[in-house]
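J.: This is the structure alone, sequence omitted:
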């Protein structure tokens, strides 16, 4: 095992020591010089490959400590919330002279780790993880060990995921309160059979479920298992799934994403039910989908622009050695945008 | 001016020569050793900074010619078409063992160049530019010089932009034919006053305009300037703009993007006009917006998945030294997805 420098990476001195050659020899090998014996070349290369030496250390040794580049990873960029977050992050970073490189990790643990490692190898000054999937379900602390590991190299910022650790900064939307308020408003407008539609068991989705259940309990409405449904985040999938249930009775839908809510609108249209007369529907994320639908959708705005602005602001402070001024965790409130699918 | 190696980059030998020191000295400077005089250190650093030496050359010299990483740049990731393209590119690349890093360039020439340069500095094996904005308007060949310049370093793939050059590969959607077919179908369904709504003067938008005008001319319908409108790609913007025109008469809309078409649907709803009875509306890109709207939108599917699949397939061939099997330009046909906003 090599001795690691403070960045957790092997440098040219370590390689030279391990290969028992001079630094100049390592340099010659690295630069493909033919003034090195084949044996030496092989030995050095093997160590380099094995111990993960990357040219990063050259740049860092240079005193060029900043490349003005931030790594951003999202589970999938085809999700409108993620795409908007990346749009704003890139905008605010570039306004401050920082470039961003982006990776897509998928939702699996291995993919997340691999993407974080890849970005760390790219001479980045900081890392931003977008989406509550990076925080796991919140049940097992070790799900987020890879984030604290990454934070040994660069400051890590998690958007909408609650992760703690040294050099880790979280910005969390108050999804629980938002879903509590939406559900309460739906209840106050006279609804009793309120369906909760979700596409995820992420930290954020679980907070939304908590908000939904809290509102029901407060109004002394029983929480019924058959009214909590997990669906795919696709309009027609949601419509068709709801159409399959013959005896399911509900007078409102609160959804964890706008596309799911639009699926409920399509269900209502297919059944000849009026919205919000027969069924009241509320979405989440306040995306362009909420405006495209007819009637236009009441939706929770989780202030993605503000979340991204705050994150970049804190990131710049941390990079500029003002970390002690930066709170490790901030919570951003959401607000409900009332449109035409609810009667509150 | 330094002598450049085949990658177009300065290497450690060049730096040593220019600074009139040994390679070992450059290596010491690069690694922050204190066994170098302050003067020498300064001289070497100045040359390094000035001549753009990057640690890439170390990696390339290593024989680690591939990092299995592809750079992707889009003008903006908040556009659903771009987000879907990046989603598919990342998917196909990662299935083939390649990672992708992504940058957002904006639509300005300087931003595009800067983003391409940034990605080139990141040890990428190939570069993909997504969107016809990278091809300029097609009027000035020098608009795309930066692409041919980049192609001296790595193969460059342009999605939906017609660019030619050595080591440059284009995949173009047949937007002209698609818009010709949509417009012709609208005409055959009895419409004569067909509005063309576009948000761009890009290569692709110009091809769509050509298709629209060709269909009108073929049907001997005059092309009227007041029916060709340039708008922002925002639903309510389009609705409100159309509502402002008191004396504008049209019985159909063909749009270059679904969000624009949905804006026309909102206009019709606000005016109490029936769709497709009074106004027939067709969108473009077949996005989820086309399904979210009511009625659901007839739209052109430009096969973003296939375009991305073809691009990755050709990219892998070029990287694996099978470039002579790869055509520099392929054209992918579009097809019309008929839904409920047209009567053809």
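T.: That came through, no problem. This one's a predicted model, so the numbers in the text were calculated from it and none came from an experiment. Residues are numbered from 1 along each chain as shown, chains lettered A, B, ... in the order given.

J.: which stretches of the stretch 201-344 of chain A aren't confidently modelled?
T.: The model of the stretch 201-344 of chain A has no residue with pLDDT under 70.

J.: What separation is there between residue A:108 and chain B?
T.: The gap separating residue A:108 from chain B is 12 Å, by C-beta to the nearest C-beta, to the nearest Å. Any C-beta I mention is one placed from the backbone N, CA and C, and that applies to glycine too.

J.: That residue - how many residues pack around it?
T.: Number of residues near residue A:108 (other C-beta atoms under 10 Å in any protein chain shown) recorded here: 11.

J.: any idea how far it lies from residue B:198?
T.: Counting by C-beta to C-beta, to the nearest Å, the gap from residue A:108 to residue B:198 is 40 Å.

J.: Same question for residue A:325.
T.: When distance is defined by C-beta to C-beta, residue A:325 is 47 Å away from residue B:198.

J.: These two: which has the busier surroundings?
T.: Taking neighbours as other C-beta under 10 Å, residue A:325 and residue B:198 compare with residue B:198 leading, 24 against 10.

J.: Provide the backbone phi and psi angles at the more buried one.
T.: phi -140, psi 150 (degrees, to the nearest 10).

J.: can you pull up the bridge partners for it?
T.: Beta-bridge pairing for residue B:198 (DSSP bridges): residue B:230.

J.: And residue A:171, its phi and psi?
T.: In terms of degrees, to the nearest 10, the main-chain angles of residue A:171 are phi -120, psi 120.

J.: Quick one: residues contacting it.
T.: Counting by C-beta atoms under 8 Å, 6 or more residues apart in numbering or on different chains, residue A:171 makes contact with A:157, A:158, A:159, A:160, A:307, A:310, A:311, A:314, A:329, A:330, A:331, A:332.

J.: Could you count how many residues lie near the nearest residue to the fourth one once chain neighbours are set aside?
T.: To tie it back to what came earlier, the one meant is residue A:160. Once flanking residues are discounted, residue A:160 sits nearest to residue A:132: 4.8 Å by C-beta to C-beta, 6 or more residues apart in numbering or on different chains. The tally of other residues near residue A:132 (other C-beta under 10 Å) stands at 26.

J.: Surely residue A:132 is in contact with residue A:204?
T.: Yes - Residue A:132 is within contact range of residue A:204, at 3.5 Å (criterion: C-beta atoms under 8 Å).

J.: Name the residues contacting each of the two.
T.: The contact sets of residue A:132 and residue A:204 overlap at A:160, A:161 (C-beta under 8 Å, 6+ apart).

J.: now the nearest residue to residue A:239 once chain neighbours are set aside, what's its secondary structure?
T.: In space, and not counting its chain neighbours, residue A:239 is closest to residue A:266: 3.9 Å by C-beta to C-beta, 6+ apart. The local conformation at residue A:266, judged by DSSP: H, G, I helix; E, B strand; the rest coil, is helix.

J.: about what we covered before: now the contacts of residue A:171: which count as buried?
T.: A:157, A:158, A:159, A:160, A:307, A:310, A:311, A:314, A:332 (16 or more other C-beta atoms under 10 Å in any protein chain shown).

J.: Determine which two of those residues are furthest apart.
T.: A:160 and A:314 (14.4 Å; C-beta to C-beta).

J.: and the most centrally placed residue in chain A, what does it touch?
T.: Chain A has residue A:131 as the residue nearest its centroid, 1.6 Å off, counting by C-alpha atoms, centre = their mean. The neighbours of residue A:131, taking C-beta under 8 Å, 6+ apart as the test, are A:74, A:75, A:79, A:81, A:82, A:85, A:159, A:160, A:161, A:202, A:204.

J.: Give me the local confidence score for the fourth one.
T.: Translated: residue A:81. Per-residue confidence (pLDDT) for residue A:81: 89.

J.: Not counting residues beside it along the chain, what's closest to the residue of the stretch 151-300 of chain A found nearest chain B?
T.: As assessed by C-beta to the nearest C-beta, chain B sits closest to residue A:294 within the stretch 151-300 of chain A, at 3.7 Å. Setting aside the residues directly before and after it, residue A:294 is nearest to residue B:294 in space (C-beta to C-beta, 6+ apart), at 3.7 Å.

J.: With residue A:291 instead?
T.: residue B:235 (5.0 Å).

J.: distance of the one you found from residue B:262?
T.: 5 Å.

J.: now swap in residue A:76 and tell me
T.: 23 Å.

J.: next one: residue A:317
T.: Counting by C-beta to C-beta, the gap from residue A:317 to residue B:262 is 41 Å.
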